[in-house]
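A.B. asks: please find the sequence and the predicted model below.
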Amino acid sequence: MAEATRSAPPASPEPADPPKTPEGTASVFTVEQRGIDAVPDAERQGGPSRLFGLWAGTNTTVFTVVYGALVVSFGLSFWYAVALIVVGNILGFAVTGLTSLQGPRTGTSTHSVSRAAFGPRGGKLPALLSWVMLVGFEAGGMVLIVLAGLALLDQAGVTTGTPVKLLVIAVAAGLQMLLPLSGYHLIMKVQKYFAWIFAAMFAIMAFLVVPKADFGTHGDAPSLVTVSLVLAMVTASGGLSWADMGSDYSRYLPADSAPRKVFACAALGGMVPNILLQVLGAAVATATTNAADPVSGLPEILPGWFTTPYLLLAIVSLLAVNTTDMYSSGLNLLAVGIPIKRWMVVFVDLTLCTAITLWAVFSADFYTLLSNFLSLIVLWLGPWAAVYLTDWALRRGRYHVPSLFPKESGSEGIYWHKGGIRPAGLIAVLLGFAAAVLWVDSTVFTGPLSDAAGGLDLSVFAGALVAGVTYWLLARRTVRAEAELTATL
C-alpha cells in the first residue's frame, strides 16, 4: 500500500488476463489469475466507494460484537466502554485508510509496495509474518464456524458425534473455498451485499437485546492501566489488524482516484460497523456475563426463536471475514517469493486451516493455544505499519513500480540496497517489536516495563513510535533521494 508512478512492470508471462464482460471489466464469475503483478490501467475500474462496502461487509460480524463485550469485562461501565471503543476504532481504522492510499497509484498489493521500505528480499519477512498471522485468524474463524454449525445441529436434535463433526468441518472448508478462489471481483461484489444483510440482522438483534441492557450504571473513571489495556485491544483487533491488507483491495481502482475519498471509504467502511457493533456488544455484556462466547454464551440473551437465525448469521459473517483474510494471505505468500499461483494458495491455506480446525475441535486446549498465539503475533503489526507509513510520507507517495519487481523488470532497481535488503527497515521493525514486547500485558506474557508500571499496556503505541522514529532517523535521506530519482525515471 504505497503510492507510486503509473509505470508498471511487464506482466508475468504465466498469468492470463481475466475474461472480460461486454463493458470491458473483469467478470466476477471467473477465477482471478492475477497475482501481485501490477494491475494495468485498462483493468482498473470503479470508485473508492466500493471500499466502504468491502470493509463494512468484512467487519459486520459476531467477532465485532464479542470484542465490545470484552471491553466491558475490564470492569468498565457502559458509557466509559463506549468512549474507549470510539477512540480505539478511530486510531486503528485511520491506519487502514492510510494503507489503502497506495493501491491505486501502484496497482499492486500491500506487501509488494512494502518492499520499498525493506528491500525486495527484506520485504519477504513481514510478508511471511503476515501470512502466518492471517492463516491463524482464518483457522480461528473456521473453528467458530464449525462450532456454530454443530450448535445448529444440536438444536435440530442431531447427535454431533465424530462422524458429524468431520462432515461439518468438510462442509465448512468447501464453503470457505468459494469466494477466495474466485478472487477480487466477486469478493468486492458479494461483500457489498453482505454488509446490508448483516446490518439488518444485527439491527434486529439490537432491538431484542437493548431493552435488557443496563445503561444507568456509570461507575468510577477507569484507571490508566485499564484505559491502556482496552485501547490496545480495540486498536489491534480492529483497524490495525486490517492495515496490511489495505492496498490489496484498492489496487484495482483507477490511478487517479482521489486520495481523500480512498482514505475515507476504507477507514469509515470498517470504523462505522466496528463502533456500532462493539457498542452493541458492550450493551449485551451489561445484561449477561457470557457475552464473550459468541456460540454458546451470547445467544443466552436472545429469544429462542432468534437463536437459529443468529447462528446462521454467525456462520455467514465469519465466512465473510475469512474470505478477506484468505485472499490477502494468498497475495502475501506470493510476496514472500514462492512460485505458486494465487488460486493455488487458497488450497494451501484451506488445507492448513482444516488441519488446525480438526485439532481444535477435538482438543479445546489447542484453540486456547491458537488464541494466545494470535494475541502475541499481532505485536509486529504496529512497528511494520509505522515503518511503512513513514517511508510513504518521506517519499511523498512517489514509487518506482518496476523496482518493486526486480526479477520481472530485468534490473535490481532503486530499492535493492544491500543484496536486496534495506537494513534501516528491518532494524526499525525489530526495535519496534522489542519495544512492544517490553510493554505488553497479556494472559500469555507480561513485558518487564509493563510489569514495573503495574500492568500498563503501551505495546501497540510504543512499538509503532520506536519503529517510526528509528526508520526516520536511519532512512530519511536515502528515501528522499529515491523519491527525487523516481521523478526522473
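C.D. replies: Good, I have the coordinates.
A.B. asks: ok, how many other residues are close to V272?
C.D. replies: 18 (other Cβ atoms under 10 Å). For glycine as for every other residue, the C-beta is placed from the backbone atoms N, C-alpha and C.
A.B. asks: where does the stretch 101-250 of the chain dip in pLDDT?
C.D. replies: Counting by pLDDT under 70, the stretch 101-250 of the chain has low-confidence residues at 217-219.
A.B. asks: now with 80, please.
C.D. replies: In the predicted model of the stretch 101-250 of the chain, residues 179, 181-185, 216-220 satisfy pLDDT under 80.
A.B. asks: now do the strands in it.
C.D. replies: Taking DSSP state E, counting those that start in this stretch as the test, none of the stretch 101-250 of the chain falls into strands.
A.B. asks: residue ranges of the helices in it, please?
C.D. replies: Listed in chain order, the helices of the stretch 101-250 of the chain (DSSP state H, counting those that start in this stretch) span residues 102-106, 110-113, 115-118, 124-155, 162-182, 184-209, 224-237, 239-242, 246-250.
A.B. asks: also the stretch 301-450 of the chain?
C.D. replies: 304-336, 342-361, 364-377, 381-394, 401-404, 406-409, 423-439, 448-452.
A.B. asks: got the buried residues for the fourth one?
C.D. replies: Spelled out, it's helix 381-394. Buried residues in helix 381-394, counting neighbours by 16 or more other Cβ atoms under 10 Å, are found at 381-392, 394.
A.B. asks: same question for the first one.
C.D. replies: Burial within helix 304-336, assessed by neighbour count using 16+ other Cβ under 10 Å, is assigned to 306, 310-311, 313-336.
A.B. asks: same question, the fifth one
C.D. replies: Neighbour-count burial for helix 401-404 flags 401-404 (criterion: 16+ other Cβ under 10 Å).
A.B. asks: pLDDT (mean, whole number) over stretch 351-362?
C.D. replies: Stretch 351-362 comes out with an average pLDDT of 87.
A.B. asks: mind listing what's buried in stretch 120-135?
C.D. replies: Buried residues in stretch 120-135, counting neighbours by 16+ other Cβ under 10 Å, are found at 120-131, 133-135.
A.B. asks: which of the residues you listed lies closest to G92?
C.D. replies: Nearest to G92 among those, counting by Cβ to Cβ, is M133 at 15.6 Å.
A.B. asks: doesn't S375 make contact with the closest one?
C.D. replies: No. When contacts are counted by Cβ atoms under 8 Å, M133 is not listed as touching S375 (11.0 Å).
A.B. asks: burial count for G397?
C.D. replies: Other residues lying near G397 total 17 when counted by other Cβ under 10 Å.
A.B. asks: same check, this time on Q155
C.D. replies: By the measure other Cβ under 10 Å, the count of residues near Q155 is 13.
A.B. asks: so how far is W305 from it?
C.D. replies: Distance check for Q155 against W305: by Cβ to Cβ, to the nearest Å, it reads 11 Å.
A.B. asks: could the buried residues of helix 381-394 go into CSV alongside distance to S371 and pLDDT?
C.D. replies: CSV is the format used below for these (distance: Cβ to Cβ, whole Å; pLDDT from 0 to 100):
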residue, distance to S371, pLDDT
L381, 17, 93
G382, 19, 94
P383, 22, 96
W384, 22, 97
A385, 22, 96
A386, 26, 97
V387, 27, 98
Y388, 27, 97
L389, 28, 97
T390, 31, 97
D391, 32, 97
W392, 32, 96
L394, 37, 96
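A.B. asks: and which of those residues is nearest A435?
C.D. replies: Top of the list for closeness to A435, among the buried residues of helix 381-394 and by Cβ to Cβ, is P383 at 7.8 Å.
A.B. asks: in contact with the closest one, which residues?
C.D. replies: Taking Cβ atoms under 8 Å, 6 or more residues apart in numbering as the contact definition, P383 lies against 428-433, 435-436, 463-464, 466-467.
A.B. asks: and the pLDDT for the nearest residue to it once chain neighbours are set aside?
C.D. replies: Taking Cβ to Cβ, 6 or more residues apart in numbering as the measure, P383 lies nearest to G432, with 2.8 Å between them; neighbours along the chain are not counted. In this model, G432 is scored at 97, pLDDT.
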